[in-house]
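# Need a 3D model of the sequence below.
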Amino acid sequence: MILVVGGAGFVGSHIIAHLSAEASQPIVVCDNFGTTGQKWKNLRSHIISDFVRQEWIETWLENHAQEIEIIICTAAADDPLNPELALMTHYHLPRMLWDFSTLHDKRFLYLSSWETYGDGRFGFRDNESYENLKKLKPLSPQAWAQHNFDLYAQQQHNIGNKPKQWIGLKLFDAYGPNEYHKNPKNCSDILSIFNMLRREKEVKIPRSPRHDIPHGEYTRDRLWIGDCAAVVAWLLAEPKTSGIFNLGSGFQHSLNDLAALVASALDIPLQISYIHDSHFNKSTPAFNKAHTSKLTQEAGYPHPFTSLEDGINLYLYNYLMASSMFR
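Got it, this is the predicted structure:
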């Protein structure tokens, strides 16, 4: 049995889509769906063996300890700027799951984030040593909570108090279907640009707060969500592989690049206006880019990552402009 905590969300639902296609073992989802919204649509095409509310998870785990083989935690705080919610979701929850997995000899995979690297002054290399991790200074409550769990995981690993297999994935900027339930501020730049072009025929991009970086030239490593699910499935097929890994494409593109690619795919003339955004300031990292050699060379992940142009075309033509937007 595979338990996916946060399984109705963006990343979790894609992992379930990938794993359920293989139909290797039952999948159980732990999530809260709310009384309104679209999260349930992320799962309606897949067979789910059982559903568990997050407040019942500890009791459920104890009652099903013999059946569970793998626990995957993709839970994400609804408000990444709420410190208490961030700690509950990205520290206390995965810590409880880690401790359960260790006690009962289970395999455990969780999501971290590139934002744990902070402003990037120490680079974006997935060196998981405790000495390296403790140098990092995350910039948001969510990244701070994720970073503290990364530290806990590495500390426990160092003393041998660890699950049978454990994987932490520092996810870079993922995009693709099933992200529609998110607060618009937390959606991918590609979805935001698509909506602006369809609605207003114009893309609004935050003005650069730095004189040395032109407007629209902040760059990010953007990952097609299908690649994320494929990496998770591959790692689960490699039970002897453990550790913290970057999960990004290894390439970076600017907001200007994104706007041009989406406008081209839609066959719409590109118009950009650069606007003031108080959340976009001098502490905003100018770039990020995943070092992927640990995953691709050391661990041996064999598949190429989807190019940004191909990923945008997949997203637009297969989902956003198709009869069903969901995977």
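# center of the chain, which residue is that?
In the chain, the residue lying closest to the centroid (Cα atoms, centre = their mean) is L171, at 4.7 Å.
# What about the closest residue in space to that residue that isn't next to it in sequence, how many residues nearby?
Sequence neighbours aside, L247 is the residue nearest to L171 in space, at 4.9 Å (criterion: Cβ to Cβ, 6 or more residues apart in numbering). Where C-beta positions appear, they are placed from N, C-alpha and C, glycine not excepted. When neighbours are counted by other Cβ atoms under 10 Å, L247 registers 29.
# what residues are up against L247?
169-172, 223, 228, 231, 290, 295 (Cβ atoms under 8 Å, 6 or more residues apart in numbering).
# Those in helices, which ones?
228, 231 (DSSP state H).
# Could you dump the contacts of L247 into JSON lines with distance to H215 and pLDDT added?
Converted to JSON lines, the contacts of L247 look like this (distance: Cβ to Cβ, whole Å; pLDDT from 0 to 100):
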{"residue": "L169", "distance to H215": "32", "pLDDT": "98"}
{"residue": "K170", "distance to H215": "28", "pLDDT": "98"}
{"residue": "L171", "distance to H215": "27", "pLDDT": "98"}
{"residue": "F172", "distance to H215": "23", "pLDDT": "98"}
{"residue": "L223", "distance to H215": "24", "pLDDT": "98"}
{"residue": "C228", "distance to H215": "30", "pLDDT": "98"}
{"residue": "V231", "distance to H215": "33", "pLDDT": "98"}
{"residue": "A290", "distance to H215": "25", "pLDDT": "97"}
{"residue": "L295", "distance to H215": "33", "pLDDT": "98"}
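# looking just at contacts, which helices and strands does the helix or strand of the chain with the lowest mean pLDDT meet?
The helix or strand of the chain with the poorest confidence is helix 130-133; it has a mean of 92 (mean pLDDT, DSSP states H and E). In terms of contacts (3 or more Cβ pairs under 8 Å, 6 or more residues apart in numbering; DSSP states H and E), helix 130-133 is packed against helix 141-158.
# Could you give the separation of the helix it packs on from the chain centroid?
A distance of 16 Å separates the centroid of the chain from that of helix 141-158, by Cα atoms, centre = their mean, to the nearest Å.
# Stretch 77-97 now?
Taking Cα atoms, centre = their mean, one finds the center of stretch 77-97 at 14 Å from the center of the full chain.
# And for stretch 73-83?
Its chain's C-alpha centre and that of stretch 73-83 lie 11 Å apart, by Cα atoms, centre = their mean.
# Begin at 3 from now on, thanks
Done: numbering now begins at 3, and the last item shifts to stretch 75-85.
# Compute the mean per-residue pLDDT across it, please.
Mean pLDDT, stretch 75-85: 94.
# Quote the end-to-end distance of that stretch.
With Cα to Cα, to the nearest Å as the measure, stretch 75-85 spans 19 Å from end to end.
# Outside of it itself, list whatever touches it.
6-9, 11-14, 17, 33, 56, 87-88, 90-92, 95-96, 99, 110-113, 142-147, 185, 188.
# mind listing the strands for the chain?
Secondary structure of the chain (DSSP state E): strands located at 4-7, 29-32, 52-54, 72-75, 109-115, 167-173, 175-177, 205-208, 221-222, 224-226, 245-249, 255-256, 274-277.
# Of those, which is nearest A288?
Closest to A288 of those is strand 221-222 (Cβ to Cβ; 7.5 Å).
# What lies in contact with that closest one?
174-175, 191, 254-256, 288-291.
# out of these, which is most surrounded?
Going by other Cβ under 10 Å, F174 tops the contacts of strand 221-222 with 24 neighbours.
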